[in-house]
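In: sequence plus the predicted model coming up.
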Amino acid sequence: MNLFEAIFTHDPSSTAIKFDKREITYGELRAETLKMAQVINSLRANRGDRIAILLHDSPELIEAFIATCSLGAIAVPINMALRLDEQCSILHNSGATLAFMESDSCNTLLTHAPEKLRSLKTVVSLPDLKRLLTDVADSEPPVFPAPGVDDPAFILYTSGSTGEPKGAVHRQVDIFYTNQTFCREVLRLTPEDRLFSSSRLPFAYGLGNSFSFPLLNGASTILCREKPSPDVISKIFSECRPTIFFGVPVVYNLLLEHHRSGKRLDCSSLRLCVSAGEALPAHLGEEWEREFGIQLLDGIGSTEMLHMFMSNHENDVRYGSSGKLLDGYEGRLLDENGEPAPAGSEGNLWIKGDSAAHFYWQNPEATTQTFVDGWVRTGDLYRRDSDGYWFHMGRSDDCFKSSGQWVSPVEVEGVLLRHPGVARAAVVEDFDSDRLPCACAFVVKQDVESDPVAFEKDLRALAAESLPRFKQPRKYVFVSELPYTATGKIQRFKLRQSLRAHAKP
């Protein structure tokens with residue numbers, strides 16, 4: 001079964017998409033998707049060709065994605081929030097021959113690095129696309145072939161939180177698997193549900209939240225072109241009345257700050273909130289539930305696995321954990337030597353499940369490192385308790401040893417964030433005067449006018465009360481902001497680079 005057949009089995013009169021004060025029914029979306037497929041055929045795209053989609057979250061993005069995959073071509077959605085050089089790198093790596101773009105992106109992108117865009121033969125701006133959709137009305141109806149079991153359908157690029165993005169190649173069946181696992185086990189959707197995600201469609205988390213989960217279950221998705229700032233999210237909550245909201249920890253923190261500043265957040269329509277992208281600090285989940293009376297379910301997924309493979313569940317929430325392994329997935333923890341980690345200790349997390357990508361596009365070296373005998377090396381350090389809850393200790397590349405013992409940045413950050421004066425925090429490896437490894441904390445203060453000397457003294461006292469000495473930050477750096485990826489993940493490698501750049505020779 002292809003995506004087109006799987007989605008358009010629902011009541012054609014029910015609402016599929018809420019967008020820009022419009023309600024688009026399943027019947028209308030089906031008709032527009034058919035026209036989108038006719039446009040792609042008219043542009044002579046062949047099976048296996050990569051088709052880039054550089055559009056804001058919109059009905060056109062969804063129509064292009066469904067049509068591309070269902071025709072047997074390979075969709076390459078690209079986030080509009082990425083830098084120009086990142087977008088060019090993805091276009092170059094994917095070898096896309098056709099691209100649908102927002103009007104303001106065409107000239108700037110095509111002139112930014114033309115040497116990287118040699119494979120790109122046809123570019124269709126949004127106004128041109130709308131004209132083509134009208135022109136194809138009398139053309140031959142599209143034929144959607146049954147996909148081969150291993151046929152690539154779309155490429156999703158990793159967020160770049162640890163460096164250069166990599167293109168995880170997925171099949172159509174991977175989408176169906178995430179619907180059968182996380183969506184059915186955790187979300188339990190009904191056609192009355194309305195889903196809104198602050199994470200954008202071109203990323204794995206947002207693609208499930210705003211596309212496959214609602215549309216495969218006859219529910220409604222709420223789309224928004226604008227950047228999901230607290231003001232924008234607040235407006236959508238009050239006007240569109242979502243029943244499920246998806247965000248990343250930094251977004252939930254911003255919404256709490258927004259709410260407490262006097263701009264009340266109306267969460268009365270919500271039955272569930274979900275967090276992913278980075279580990280949700282326990283205090284943040286507890287504060288959200290205390291403030292709004294809605295459980296905040298933290299989980300973990302990855303671009304390689306397409307969506308969540310672990311999650312907290314409604315009425316079974318342990319804040320500070322990623323919840324439990326979902327049915328349909330296996331997990332194991334391995335030590336530095338590739339041996340099973342002792343019970344209760346940290347280990348490198350490996351995951352197995354049928355939603356996994358099989359390889360990275362045009363990157364055999366990274367493929368060999370990540371995809372091993374059906375398992376996927378996540379790059380995350382975890383521990384599992386005796387009750388089956390999994391606790392994220394940080395990225396394997398971000399964790400480090402001090403005094404011969406492992407330091408988890410996530411654990412130290414969780415302690416610092418308990419201080420009411422800390423807005424955000426990130427911990428990375430530094431080196432003391434003897435060149436021995438130690439923790440360094442980058443901190444964004446709630447009150448920029450507060451005395452930094454007294455504030456640092458308070459943080460040191462808090463760390464001393466809560467952490468063993470080897471985990472306590474030796475150095476505090478107060479900054480106005482932290483570097484984030486477009487998906488809301490802290491780029492700790494950039495903080496490490498800044499420390500090295502300012503280190504004395």
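Out: Looks like it arrived, so ask away.

In: a helix runs through residue 40, doesn't it?
Out: Yes. The assignment for residue 40 is a helix, going by DSSP: H, G, I helix; E, B strand; the rest coil.

In: what pLDDT does it get?
Out: At residue 40, the model reports a pLDDT of 97.

In: now the one 5 residues further on
Out: Predicted confidence (pLDDT) for residue 45: 95.

In: how far away is the residue at minimal distance from the centre of the chain from residue 330?
Out: Nearest residue to the geometric centre of the chain (Cα atoms, centre = their mean): residue 205, 4.2 Å. Distance of residue 205 to residue 330, computed by Cβ to Cβ, to the nearest Å: 21 Å. Glycine gets a C-beta too; all of them are placed from N, C-alpha and C.

In: what is the burial count for the closest residue in space to residue 320 that isn't next to it in sequence?
Out: Leaving out its chain neighbours, the residue that sits closest to residue 320 by Cβ to Cβ, 6 or more residues apart in numbering is residue 282, at 3.5 Å. Burial measure for residue 282: 16 neighbouring residues, criterion other Cβ atoms under 10 Å.

In: any idea how far residue 282 lies from residue 117?
Out: 46 Å.

In: next one: residue 10
Out: Counting by Cβ to Cβ, the gap from residue 10 to residue 117 is 39 Å.

In: is it true that residue 97 touches residue 124?
Out: No. At 11.9 Å, residue 97 does not count as touching residue 124 under the criterion of Cβ atoms under 8 Å.

In: before we move on, back to that, how about the contacts made by the residue nearest to residue 320?
Out: 319, 320, 414 (Cβ atoms under 8 Å, 6 or more residues apart in numbering).

In: please apply the same query to residue 447.
Out: residue 421 are the contacts of residue 447 under Cβ under 8 Å, 6+ apart.

In: which pLDDT value belongs to it?
Out: At residue 447, pLDDT is 81.

In: again, but for residue 28
Out: 98.

In: grab the nearest non-local neighbour of it.
Out: In space, residue 28 is closest to residue 16, 7.7 Å off (Cβ to Cβ, 6+ apart).

In: how close does the one you found sit to residue 426?
Out: 39 Å.

In: same check, this time on residue 202
Out: In terms of Cβ to Cβ, residue 202 sits 25 Å off from residue 426.

In: these two: which has the busier surroundings?
Out: Between residue 202 and residue 426, counted using other Cβ under 10 Å, the more crowded position is residue 202 (28 against 25).

In: where do the strands of the stretch 101-250 of the chain begin and end?
Out: Here the stretch 101-250 of the chain has its strands, by DSSP state E, counting those that start in this stretch, at 122-125, 154-157, 167-170, 194-197, 220-223, 244-247.

In: send me the last one as CSV with only the CA atoms.
Out: It refers to strand 244-247. In CSV, the C-alpha atoms belonging to strand 244-247 read as follows (Å, rounded to 0.1, in the frame of the first residue of the first chain):
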residue,chain,number,x,y,z
ILE,A,244,-2.6,17.3,21.5
PHE,A,245,0.5,19.5,21.4
PHE,A,246,4.0,18.5,20.6
GLY,A,247,7.1,20.5,21.4
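
In: residues making contact with it?
Out: 187, 189, 193-199, 205-206, 209, 237, 255, 270-276.

In: if we ignore the residues flanking it in sequence, what's nearest residue 245?
Out: residue 273 (5.0 Å).

In: any idea which element the one you found lies in?
Out: strand 272-275 (DSSP states H and E).

In: about what we covered before: tell me who's in contact with the residue nearest to the centre of the chain.
Out: Per Cβ under 8 Å, 6+ apart, neighbours of residue 205: 197, 199, 246, 248, 276, 277, 301, 307, 487.

In: cool, and residue 223?
Out: 17, 18, 19, 57, 58, 59, 62, 201, 210.

In: how about 10 Å then?
Out: 17-20, 22, 24, 56-59, 61-62, 196-197, 200-201, 210-211, 236, 240 (Cβ atoms under 10 Å, 6 or more residues apart in numbering).

In: tell me the spacing between it and residue 243.
Out: 16 Å.

In: do residue 20 as well
Out: Computed as Cβ to Cβ, the residue 20 to residue 243 distance reads 20 Å.

In: higher neighbour count, these two?
Out: Legend: neighbour count by other Cβ under 10 Å for residue 20 and residue 243, higher for residue 243 (19 against 11).

In: hmm, that one is touching residue 221, no?
Out: No. Using Cβ atoms under 10 Å, residue 243 is not in contact with residue 221; the gap is 11.6 Å.
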